[in-house]
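> Build me a model from this:
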Amino acid sequence: MGPKAFIFCVAALAILVLLCAAPFPGALVGFMFGIAVAFFIAPTVFVIAPALQSLGVAITEKGLIYVLVALYGVATFAIFVKAWQAWRRGDPSATRLFEFHGIIFAALPVMGLLSSQALVKAWPH
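Model prediction:
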């Protein structure tokens with residue numbers, strides 16, 4: 001990834017994060033985040049937690065969500081470690097690419113939070 005493409009992509013991502021806080025686009029993105037959680041994350045938790053409990057692991061659904069959030073944080077950190085390794089190798093293109101991937105991973109929860117708050121504000125009473 002070239003320097004101009006990196007700057008453009010980071011600026012575009014910043015604009016997307018800001019749009020998530022706006023009433024209409026943020027509410028729409030919040031609705032999509034809600035669908036993603038309802039169809040992909042929640043079923044995974046509700047299937048894995050009882051399976052782990054039947055194996056003798058004392059874990060609740062809430063505890064499993066904390067584990068998944070921690071794994072997401074570790075994955076984000078691992079991406080930044082790969083960027084640091086590329087920087088140490090002297091590969092600026094790979095460094096920018098991994099930095100952008102890390103920035104996306106770090107921005108997704110912020111986008112989810114902002115858009116879900118926008119959805120709550122935009123929801124008719």
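
> okay, which residue of the protein is out on the far edge from center?
Taking C-alpha atoms, centre = their mean as the measure, the residue most remote from the mean C-alpha position of the chain is Gly56, 30.5 Å away.

> So what's the gap between stretch 52-60 and the chain middle?
The chain centre lies 27 Å from the centre of stretch 52-60; the measure is C-alpha atoms, centre = their mean, to the nearest Å.

> before we move on, what SS does the residue farthest from the centre of the chain have?
coil (DSSP: H, G, I helix; E, B strand; the rest coil).

> ok, so what distance separates the spatially most central residue of the chain from Arg89?
In the chain, the centroid-proximal residue (C-alpha atoms, centre = their mean) is Leu108; its distance is 3.2 Å. When distance is defined by C-beta to C-beta, to the nearest Å, Leu108 is 27 Å away from Arg89. Any C-beta I mention is one placed from the backbone N, CA and C, and that applies to glycine too.

> for the protein, longest helix please?
Longest helix in the chain, counting residues (DSSP state H): helix 92-122.

> pLDDT of that one, averaged?
Averaged across helix 92-122, the pLDDT comes to 91.

> I'd like to know which elements it is packed against.
helix 3-21, helix 23-36, helix 61-89 (3 or more C-beta pairs under 8 Å, 6 or more residues apart in numbering; DSSP states H and E).

> Now tell me which of these the model trusts least on average.
For the helices and strands packed on helix 92-122, mean pLDDT drops lowest on helix 23-36, to a mean of 87.

> Now do it: everything it contacts.
By C-beta atoms under 8 Å, 6 or more residues apart in numbering, the residues outside helix 23-36 that reach it are 19-20, 111-112, 114-123.

> quick revisit: quick one: the helices and strands packed on helix 92-122 as TSV, columns for distance to Phe98 and mean neighbour count too.
Shown next, in TSV, are the helices and strands packed on helix 92-122 (distance: least, C-beta to C-beta, whole Å; neighbours: other C-beta atoms under 10 Å):
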stretch	distance to Phe98	mean neighbour count
helix 3-21	11	14
helix 23-36	24	16
helix 61-89	4	14
